[in-house]
Structure formats: structure tokens, C-alpha cells
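Participant: Quick one, fold the following:
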Amino acid sequence: MHATSITLQQVPCNHPDFLQLCDELDMFLNRAIGGEDKREKYKKYNYLDTMDYVMIAYDRQHAAGCAALRKYSETEIEVKRVFVRDSYRAQGIGGQMLEHLIQHASEMGYKRMLLETGAFLDASVRLYKRYGFEQIENYGDYKDMPESLCMGRKIKTNHCGSLF
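Facilitator: Now for the predicted structure:
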């Protein structure tokens, strides 16, 4: 089910709504993993000023969620900072954002999308799998982090323009 009043808007990486949503995401992750100190090693991978494409999902004027992309290589782009506020979950907003990111990455000429998530974030893992992401070997700096779950998917278009 898609939330009909949701609109997606590209914003700069220093947009106040994005900064607020990322703070809420960090608080959510701190609670989920058992404290901020357990997430300390991940902070350097989430500097907001390194995001190349940022979007906010709005319910009228209220920020409901966010997502971002960061170039990983010439052919790969990384999904970052996907978050939907608790009161907006289970309304299809995460899926809307992922569809938009996949489309944008395809238009930019990327061939593959990567992401890292926590293996314990069941709802996130289910969402990513629904949109074609599969578990891959941990990449980059996540190689030696067993609590990380890395996923990837190819980006391609068929003759009808569909991405799936």
C-alpha cells in the first residue's frame, strides 16, 4: 500500500529535515544495537556531507522519511541513510523511496547498487529483498564487521523501461 499523500523531494545534504531525520535514525539504531558506543565505528561511513543525492519523503509539509545515495565507484552507487519515521511505517514509503533511488541511479548510468545494513534489522532486510537486493560479501570497510549485512543489486532497464 502506498501512502497517497507522500511526495519525494530532492534536497541538499545539509537540509534541516534531512539532518533531523538522520539524528532520529541514529537514535533508532543506538536503541536497536544497545548503545551509541557500539555504533561508533560506523560514524565515519555516514558523514552527511559525503552524500551525492538526498531525498525526503513528505506528507504534505511533514518529513516522513529520507534516503540518500553516495557514489562508490564509476559503476556502483551506495544506498545510505534510509529511514522512515515510526508513525509512517508500513505505508509503503520505504518502497517508494527505494524505487526512486533505483530509477535515479539508472538514469545516472550506474550498473549496480550496494548497501550495508545491520543483520538484526529484519524489516529493513525484508524491504531491500523485496526490491531485488541480495546478500553479497561484505565490501570495503565493512569486510571485517560481522554484524554488518551487505547487499547489492544490478540496475538494468528493459525495452519497456521497467527496472524490475
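
Participant: Quick check: next helix or strand after the helix of greatest length in the chain?
Facilitator: Across the chain, the longest stretch assigned as helix under DSSP state H is helix 16-33. Using DSSP states H and E, the helix or strand that directly follows helix 16-33 along the chain is strand 53-59.

Participant: Let me see the ranges of the strands in this structure.
Facilitator: Under the criterion DSSP state E, strands of the chain are mapped to 6-11, 53-59, 62-71, 76-84, 112-118, 134-136, 148-154.

Participant: Could you list every helix and strand in contact with the first one?
Facilitator: Counting contacts by 3 or more CB pairs under 8 Å, 6 or more residues apart in numbering; DSSP states H and E, the secondary-structure elements packed against strand 6-11 are strand 53-59, helix 93-107. Where C-beta positions appear, they are placed from N, C-alpha and C, glycine not excepted.

Participant: what's the closest non-adjacent residue to Gln9?
Facilitator: Among residues not flanking Gln9 along the chain, Ile56 sits closest, at 5.4 Å (CB to CB, 6 or more residues apart in numbering).

Participant: residue contacts, the one you found?
Facilitator: Leu8, Gln9, Val11, His15, Asp17, Phe18, Leu21, Ala63, Gly65, Cys66 (CB atoms under 8 Å, 6 or more residues apart in numbering).

Participant: What subset of those is buried?
Facilitator: Buried subset of the contacts of Ile56 (neighbour count, 16 or more other CB atoms under 10 Å): Leu8, Val11, His15, Asp17, Phe18, Leu21, Ala63, Gly65, Cys66.

Participant: ok, the fourth one - contacts?
Facilitator: Counting by CB under 8 Å, 6+ apart, Asp17 touches Val11, Ile56, Ala63, Cys66.

Participant: Next up, the contacts around the residue nearest to Leu121 when sequence neighbours are not counted.
Facilitator: Leaving aside its sequence neighbours, Leu121 sits nearest to Ala32 (CB to CB, 6+ apart; 6.9 Å). Ala32 makes contact with Gly118, Phe120, Leu121, according to CB under 8 Å, 6+ apart.

Participant: Local confidence estimate at the first one?
Facilitator: So the one you mean is Gly118. With respect to pLDDT, Gly118 scores 86.
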